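A.B. asks: Attaching a predicted model along with its sequence, questions to come.
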Amino acid sequence: MKTNSSKRDKSQHKGNIILGKLTAKSINKIARINKYIKRNSGKISPQNLIIGFMIMVSRSRNTYSDWVTEIGLLEKKTISKQSLFERMNSDTENFVKAVVEKQLTEKVRPIEMKKVKRELRLFNNVMIDDSTMIHLPDELSEYYPGNVSRGKKKSQAKIHALYNLTENNFSFLHVHSFCNNDRRLSANILPYLQCGDLCIRDLGFAVLDVIGEFIKKGVKFISRKLFGTKVYEIKSGTEINILKELKKKGFIDRGVLIGTKHQIKVRLIALPIPADKASERRRKAAKDRNRRINHSSEYYKLLGYSIFITNIQAVNCDSEKIVQLYRLRWRIEIIFKSWKSCFSLEKLIHRQCKNIHRVNCIIYLMLLFIHLFHVIWWNEYECQVKKLNKKIQFSIIKMANFFRQHFTEIISNNCKKQIIDLITINCAYDKRKSRENARQLQIKLVT
């Protein structure tokens, strides 16, 4: 392996943005540290283990036979299923996890700050914190315990993601059991945030202890207010009846103290939402999957409002701008949707996947595949198309489908211009006047 492999590697991957991130030299180094490579030679090289997996899943397949077929074609030799089966162990799991973590630490091209509008110039980075759940075969409930349905224990995993919207990158992608709820994971993002960053979070992550840490670190945040969390007047300390105040004024935008024990000073914003959206919220609340919850009349009335807490001053962002900034969170919701509908993350882990090391390898390798799409390939090709047409905006779903379906052509190095032409025609948002798409909303604030 020490002869001329590095020279072949450079010539093979020169100019290819995907394979250039998966060079044998860099991957072998990680493989040796994590004991995937224990001798000078092996039947399955670490690089081809990864690339073979990606080619396989791009064809919506996931069996040992398909995997070793793709690896064998890359290595130009026959490999048995038993060889791959024996590789599904803790060393391989640690290796692929380390490759993902290494990719996440690499810098990518950020948004040009000269073009960023006033609202986003206030922040160094816009970070979106959220999680998504994936269903696993019930046989894995010992490793990834989920909820109980009709007396049967389910298996579910949770992927907790911190997405850097400014750089279009993920600060981390952590895999947990479903039993680790969002509140328990809330503090995990603190080491990744710096003074001057903006963190946008969903309701489930609204933990007052963590909000207090945000303020200490100089991190700005926007979060929905959790129902039942009490708010108080800053001067008198008397409790504020939010519903009563909304009935009088119709909206709220003021400084308050939040939490009976914490008494954290924040800005409270409450604005009415359209009647149809309010009705939809109430219907969902009435069908809440937790039958033990008996929502009060006050709860249903407050569903007619969007209620936020933030530490961004009104002089910098009025209430409407806060709502616009919070809507940027839908960017990660669409990313999660692409994971499941385009990359078939759940379907790839079928009932035959009973080896927990294999399951974890699949999850981490899929996260690597997804990272290469969202961060590496997307940035490169969007930049190339923008040089030709600055107004065009791409759909994440359409781009994800294109990337998966044409992955082998993308890594072939032979059809870059053709790919640019195809995605320009087939992956742009459809023109519509009824409402803005998620990308248009982001562009309004960014360019």
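C.D. replies: Arrived safely.
A.B. asks: Tell me, please, where in the stretch 151-300 of the chain the pLDDT is lower than the cut-off.
C.D. replies: 289-293 (pLDDT under 70).
A.B. asks: swap in the stretch 1-150 of the chain?
C.D. replies: Scanning the stretch 1-150 of the chain for pLDDT under 70 picks out 1-15, 39-42, 107-118.
A.B. asks: All the helices of it, in order from the start?
C.D. replies: Counting by DSSP state H, counting those that start in this stretch, the stretch 1-150 of the chain has helices at residues 5-13, 24-33, 46-58, 64-75, 81-87, 90-105, 118-121.
A.B. asks: got the buried residues for the last one?
C.D. replies: Residues of helix 118-121 classed as buried by neighbour count (16 or more other Cβ atoms under 10 Å): 119-120. (Each C-beta comes from the backbone N, C-alpha and C, glycine too.)
A.B. asks: who are the neighbours of it, in terms of helices and strands?
C.D. replies: On a contact count with 3 or more Cβ pairs under 8 Å, 6 or more residues apart in numbering; DSSP states H and E, helix 118-121 meets helix 319-327, helix 438-446.
A.B. asks: Out of these, point me to the one whose mean pLDDT is lowest.
C.D. replies: Note on those: helix 438-446 shows the lowest mean pLDDT, a mean of 57.
A.B. asks: Each with direction, which strands does the top strand by length along the chain pair with?
C.D. replies: In the chain, taking DSSP state E as the definition, the longest strand is strand 152-164. Taking DSSP bridges as the criterion, strand 152-164 sits next to strand 126-136 (antiparallel), strand 145-149 (antiparallel), strand 169-177 (antiparallel) in its sheet.
A.B. asks: Contacts for the second one next, please.
C.D. replies: Residues from elsewhere that reach strand 145-149, judged by Cβ atoms under 8 Å, 6 or more residues apart in numbering: 135-136, 153-156, 177-179.
A.B. asks: does Cys361 count as helix, strand or coil?
C.D. replies: helix (DSSP: H, G, I helix; E, B strand; the rest coil).
A.B. asks: I'd guessed Lys35 sits against Asp91; true?
C.D. replies: Yes. Judged on Cβ atoms under 8 Å, Lys35 makes contact with Asp91 at a distance of 4.6 Å.
A.B. asks: what's the pLDDT at Cys383?
C.D. replies: 83.
A.B. asks: burial count for it?
C.D. replies: Neighbours of Cys383 under the rule other Cβ atoms under 10 Å: 10.
A.B. asks: which residues are contacting the strand or helix carrying it?
C.D. replies: Element membership of Cys383 [criterion: DSSP states H and E] is helix 378-386. By Cβ under 8 Å, 6+ apart, the surrounding residues in contact with helix 378-386 are 17, 108-109, 168, 392, 394, 399, 419-420, 423-424.
A.B. asks: Find the pair from those residues with maximum spatial separation.
C.D. replies: Greatest spacing in the contacts of helix 378-386, by Cβ to Cβ: Val108 and Thr424 (21.8 Å).
A.B. asks: So those two - more neighbours on which side?
C.D. replies: Neighbour count, other Cβ under 10 Å: between Val108 and Thr424, Thr424 has more, with 16 against 13.
A.B. asks: That one looks like it's in a strand, true?
C.D. replies: No. Applying three-state DSSP, one finds Thr424 to be helix, outside a strand.
A.B. asks: That one and Lys391 touch, don't they?
C.D. replies: No. Checked against Cβ under 8 Å, the pair Thr424 and Lys391 is beyond contact range at 11.5 Å.
A.B. asks: Determine which of the strands paired with strand 152-164 approaches Tyr326 most closely.
C.D. replies: Here strand 126-136 is closest among these (Cβ to Cβ), at 10.0 Å.
A.B. asks: what about the strands in the stretch 301-447 of the chain?
C.D. replies: Taking DSSP state E, counting those that start in this stretch, the strands of the stretch 301-447 of the chain run over residues 305-310.
A.B. asks: okay, and for it, where does confidence drop off?
C.D. replies: In the stretch 301-447 of the chain (pLDDT under 70), the answer is 413-414, 431-447.
A.B. asks: repeat that for 90
C.D. replies: For the stretch 301-447 of the chain, the stretches with pLDDT under 90 are 316, 330-331, 340-341, 344-354, 374-376, 378-395, 409, 411-420, 428-447.
A.B. asks: Which residues are in contact with Phe178?
C.D. replies: 133, 144-147, 156-158.
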